[in-house]
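Q: Sharing a model prediction with you, sequence too.
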Amino acid sequence: MASRPRPLSPHLQVYRPQLTSVLSISHRITGVGLMVGTLMLTCWLVAAAGGGATYDAIRLFLSSVIGRLLLLGWSFCLFYHLLNGVRHLLWDAGWGFELKEAYATGWAVVVGSGVLTLAAWIAAYAAR
Amino acid sequence: MSLRSPLARVRGLGSAKDGTHHWWLQRLTAVALVPLTLWFVVGVIGHVGADQAAVKAWMGSPIQAALMIAFVAVAFHHGQLGMQVVIEDYVHAEGWKIAGIVAVKLASAILALAAIVSVLRLALA
């Protein structure tokens, strides 16, 4: 029997991006980003266990411009995924499914992750 | 009329060939990661620019070392559960899908072990 392509339901690209859908895919993207960040955390711990010389090498890399940009990205991913993760847990508990609530918590996640990232970097520079 | 076989019905499992185990573990690790992440962020900010001796002293506290091991172990577990879903959703060739999931799980396990051994070395050496 000749196989014919099965009809498909409309896919992602036919829909206009909305806050809810953008935040949803961002949760995945930041999650994958954090997996790379956890790889760097492992490198950092292994380097620290290796002694002063290996630790200084990774410290030099992380304090470079590229290192700082990576850390900036990971810190934002971390706060975003943390806050949106709590949003997901609230949904799992059955709360916040109304459109109004979904948008309110969505904007709270956007603003909250920006504020927390900024606060963490100000604290880090102040603590140095 | 159901199109599911009697065996599938009695097993009660969906297309993931699994029950709620994966979903539940993802939530459980997520809940654990909320306080662990906050602890981690505060700890890292407190050690920005610190030398190896300061990190070693930080991990010299049994509580702090235990929290770091818990954070790394739970983070990798949560991460590999998430990566599995991403691969299942986007990689359609069965062979590549299975290879990808196996690679992520094995790599996560070995990386988590490397991090844990490192923390233990800092804590005990």
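A: It's in.
Q: Look up how far residue A:84 lies from the residue sitting nearest the centre point of chain A.
A: Taking C-alpha atoms, centre = their mean, the centroid of chain A lies closest to residue A:77, which sits 2.4 Å from it. According to C-beta to C-beta, to the nearest Å, residue A:77 and residue A:84 sit 10 Å apart. Heads up, the C-betas are built off the backbone N, CA and C, glycines and all.
Q: try residue A:50
A: From residue A:50 across to residue A:84, the span is 35 Å (C-beta to C-beta).
Q: who's more crowded, the two?
A: residue A:84 (23 against 15; other C-beta atoms under 10 Å in any protein chain shown).
Q: average pLDDT across the lengthiest helix in chain B?
A: Scanning chain B for the longest helix, with DSSP state H as the assignment, gives helix B:94-124. For helix B:94-124, the mean pLDDT works out to 97.
Q: ditto for stretch B:11-19
A: What stretch B:11-19 shows for mean pLDDT is 66.
Q: Quick check, pLDDT for residue 82.
A: The chain I'm using is chain A. 98.
Q: actually it's chain B I care about, not the one you picked
A: For residue B:82, pLDDT reads 97.
Q: Near the residue nearest to it when sequence neighbours are not counted, how many residues? Count them for me, please.
A: Spatially, and ignoring its direct neighbours in sequence, residue B:82 is nearest to residue A:31 (4.8 Å; C-beta to C-beta, 6 or more residues apart in numbering or on different chains). Number of residues near residue A:31 (other C-beta under 10 Å) recorded here: 21.
Q: Only the buried residues of the strand or helix carrying residue A:31, if you could.
A: According to DSSP states H and E, residue A:31 maps onto helix A:19-50. The neighbour-count check on helix A:19-50 (16 or more other C-beta atoms under 10 Å in any protein chain shown) flags A:23, A:26-28, A:30-31, A:33-35, A:37-49 as buried.
Q: Also stretch A:114-127?
A: Applying 16+ other C-beta under 10 Å to stretch A:114-127 flags A:116, A:117, A:120, A:121, A:124 as buried.
Q: Quick one: check it for contact with chain B.
A: Yes: with C-beta under 8 Å from any C-beta of the partner chain as the criterion, chain B is reached by stretch A:114-127 at A:120, A:123, A:124, A:125, A:127.
Q: what residues do residue A:77 and residue A:84 have in common as contacts?
A: residue A:30 (C-beta atoms under 8 Å, 6 or more residues apart in numbering or on different chains).
Q: ok, the closest residue to residue B:105 other than its chain neighbours - how many residues close by?
A: The shortest distance from residue B:105 to any non-neighbouring residue, by C-beta to C-beta, 6+ apart, is to residue B:80 (5.4 Å). A count of nearby residues for residue B:80, using other C-beta under 10 Å, gives 21.
Q: ok now do residue B:80, which residues does it touch?
A: B:104, B:105, B:108.
Q: before we move on, back to that, list the buried residues of the longest helix of chain B.
A: Buried, per 16+ other C-beta under 10 Å, within helix B:94-124: B:97, B:100-101, B:104-105, B:108, B:111-112, B:114-116, B:118-119, B:121-123.
Q: which residues of chain A fall in helices?
A: Taking DSSP H as the criterion, chain A carries its helices at A:19-50, A:52-63, A:65-92, A:99-127.
Q: and chain B, which of its residues are near chain A?
A: Within chain B, the residues that sit near chain A (C-beta under 8 Å from any C-beta) are B:27, B:30-31, B:33-34, B:37, B:41, B:45-46, B:48-49, B:51-53, B:55-56, B:59, B:68, B:72, B:75-76, B:79, B:82-83, B:86, B:111-112, B:114-115, B:117-119, B:121-122, B:125.
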